[in-house]
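Peer 1: sequence plus the predicted model coming up.
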Amino acid sequence: MTSNFLSLPADSTSQQALADQGLRYDTVASDDAAAMRAWLDADMRGFHSATASAALIEHELATITGNRVTGIWDARTAQPEVPVATVSSWPMPLTVAPQQTIDGWAISSVTVSPTHRRRGLARNLLLGELRTAVAHGCAIAMLTVTQATIYGRFGFGPAAFSSAYTVDTQRAVWSGPVPTGALSFVSQEVALDIGPAIKERVRLQTPGEVPVQQLWWKETLGLSPSSPADSHEQLRVVCYSNENGDNDGLVVYRVESSDDHSSATLELVELIAATPAAYAALWRFVLEMDPITVVKATRRAVVEPLTWQVLDSRSVRKTDERDHLWLRILDVERVLASRAYAAAGALVLDVVDPDGFATGTYRLTTDANGTGSVERVDGAAAELRVGIAELSSLLLGGLRAETLASAGRIAELVPGAALAFDRVFASATVPRLSTWF
């Protein structure tokens with residue numbers, strides 16, 4: 001892996017392809033304040049954000065400080081200093097199994113101006129990022145998306161999904177465990193101090209999670225210029241400490257009461273639990289709070305223990321489920337060797353990658369301890385043919401190969417190969433990504 005990813009030059013292949021259209025493709029120096037502000041203006045415009053205040057601009061600039069910032073410029077526009085397409089990226093660890101991570105290439109801020117659509121700008125941005133990731137030594141790329149139809153063509157596949165829930169607290173009578181630890185209100189400032197350590201424990205336990213920066217905490221706790229003006233006053237934070245006094249979880253929430261205060265809706269901003277006891281204690285707390293009648297939560301796992309911790313499971317209603325974390329394997333051998341496995345076995349996979357990064361035949365061998373080894377065996381008889389996007393979707397164990405085989409997305413070359421794959425790749429922890437990047 002290269003020592004300084006910021007020193008990597010703009011990808012020469014994309015640079016030449018765009019130059020042939022009269023466009024300039026390049027990185028932005030982090031110390032060029034004017035260029036960074038112009039890039040940020042294009043990025044915010046791409047996501048249809050409102051015109052930002054000076055404070056918000058400074059905040060947003062802080063969020064991309066340390067990122068590799070790339071753009072495409074068209075000298076023929078009325079404001080040639082503002083790019084017509086943007087992307088930012090940085091190396092970041094990804095949890096692929098409990099306590100096991102791999103260094104990935106995070107991609108964000110992918111925008112193309114509507115004035116320059118259907119000219120191959122997105123393709124050159126994304127393939128340029130993938131080639132840069134390989135040059136840096138990353139074996140996998142990752143992103144979160146606002147549009148789900150764009151990234152599959154570049155080999156990305158959804159690997160962790162996110163769900164929203166609505167809970168009717170008048171029916172959700174608690175039947176789960178009753179932990180003996182302590183609950184206490186804490187200020188947002190105290191939460192900013194104790195929360196990151198709890199979040200980091202959860203990250204390392206959960207496939208699909210990534211680190212979050214302190215700026216994420218400030219936004220979550222209403223301490224950021226990007227937070228609504230009254231969010232600091234509306235938010236409340238409760239911490240759970242175990243019998244030894246260790247902080248194992250916290251919940252951030254806000255309450256909206258009815259006009260006569262006879263009922264209220266609690267919005268669960270974050271519930272972070274490093275232990276089952278913390279999870280149970282914090283969920284029970286929000287469900288039994290007066291006069292709360294409805295709890296709404298977003299960015300939760302697709303399967304939540306909560307459903308089995310109340311007498312009436314129908315009181316916990318999943319209102320949305322969608323793709324969230326998209327992965328793109330670039331080096332099959334390194335990625336498959338990076339995670340633990342559920343069973344001993346051997347599989348030969350024929351991997352198809354239209355962009356050529358990972359095409360080949362690979363043998364994965366796993367032992368009873370969960371350790372896997374991978375070797376390239378081009379010419380060997382494969383048991384399962386899988387596209388790189390589909391293999392990327394299957395990596396974390398949240399999706400079954402049998403499902404993709406039934407959907408015609410992968411091909412069993414040997415009967416039973418999909419089931420054998422699922423036995424090996426099964427994850428005891430539901431993959432989840434609790435943030436955006």
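Peer 2: Good, I have the coordinates.

Peer 1: show me the shaky parts of the stretch 1-150 of the chain.
Peer 2: Residues of the stretch 1-150 of the chain meeting the criterion pLDDT under 70: 2.

Peer 1: now do the helices in it.
Peer 2: Secondary structure of the stretch 1-150 of the chain (DSSP state H, counting those that start in this stretch): helices located at 12-19, 33-46, 54-64, 121-136.

Peer 1: may I see the domains of this structure written out as residue ranges?
Peer 2: 5-155, 163-322, 331-425 (automatic domain parsing).

Peer 1: start and end of the shortest one, how far apart?
Peer 2: Between the opening and closing residues of domain 331-425 lies a distance of 18 Å (Cα to Cα, to the nearest Å).

Peer 1: now do that domain, average pLDDT.
Peer 2: Per-region confidence: domain 331-425 scores 98 on mean pLDDT.

Peer 1: just to revisit the earlier point, could you dump the helices of the stretch 1-150 of the chain to TSV with distance to Thr435 and mean neighbour count?
Peer 2: In this view, the C-beta of every residue, glycine as well, is placed from N, C-alpha and C. Conversion of these to TSV gives the following (distance: least, Cβ to Cβ, whole Å; neighbours: other Cβ atoms under 10 Å):
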stretch	distance to Thr435	mean neighbour count
helix 12-19	29	16
helix 33-46	18	18
helix 54-64	13	15
helix 121-136	20	21
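
Peer 1: now the strands for the stretch 101-250 of the chain?
Peer 2: In chain order, the stretch 101-250 of the chain shows strands spanning 140-144, 157-168, 182-186, 236-241, 247-257, with DSSP state E, counting those that start in this stretch as the criterion.

Peer 1: strand partners (parallel or antiparallel) of the first one?
Peer 2: Looking back up the chat, that one is strand 140-144. The sheet places strand 140-144 alongside strand 100-112 (parallel), strand 316-329 (antiparallel), with pairing taken from DSSP bridges.

Peer 1: pick the most buried one from the ones you listed.
Peer 2: Mean neighbour count (mean count of other Cβ atoms under 10 Å) peaks for strand 100-112 among these, with a mean of 22.

Peer 1: what's the angle between that one and helix 33-46?
Peer 2: 80 degrees (axes from the mean of the first three to the mean of the last three Cα atoms, to 10 degrees).

Peer 1: does Asp74 touch Gly22 like I think?
Peer 2: Yes: in this structure, Asp74 sits in contact with Gly22. The criterion is Cβ atoms under 8 Å, and the distance is 7.2 Å.

Peer 1: between those two, which one's more packed in?
Peer 2: Neighbours per residue, other Cβ atoms under 10 Å: of Asp74 and Gly22, the larger number sits with Asp74, 21 against 9.

Peer 1: packing partners of the helix of greatest length in the chain?
Peer 2: Under DSSP state H, the helix in the chain containing the largest number of residues is helix 188-205. Under the contact criterion of 3 or more Cβ pairs under 8 Å, 6 or more residues apart in numbering; DSSP states H and E, helix 188-205 touches strand 85-97, helix 214-220, strand 236-241, strand 247-257, strand 264-273.

Peer 1: measure the residue lying farthest from the centre of the chain to Pro291 for me?
Peer 2: Of all residues in the chain, the one whose C-alpha sits farthest from the chain's mean C-alpha position, using Cα atoms, centre = their mean, is Asp260 at 39.9 Å. Relative to Pro291, Asp260 is positioned 10 Å away (criterion: Cβ to Cβ, to the nearest Å).

Peer 1: give me the common contacts of those two.
Peer 2: When contacts are counted by Cβ atoms under 8 Å, 6 or more residues apart in numbering, the set common to Asp260 and Pro291 is empty.

Peer 1: among the strands paired with strand 140-144, which is nearest Gly408?
Peer 2: Nearest to Gly408, of all the strands paired with strand 140-144, is strand 316-329, at 18.9 Å by Cβ to Cβ.
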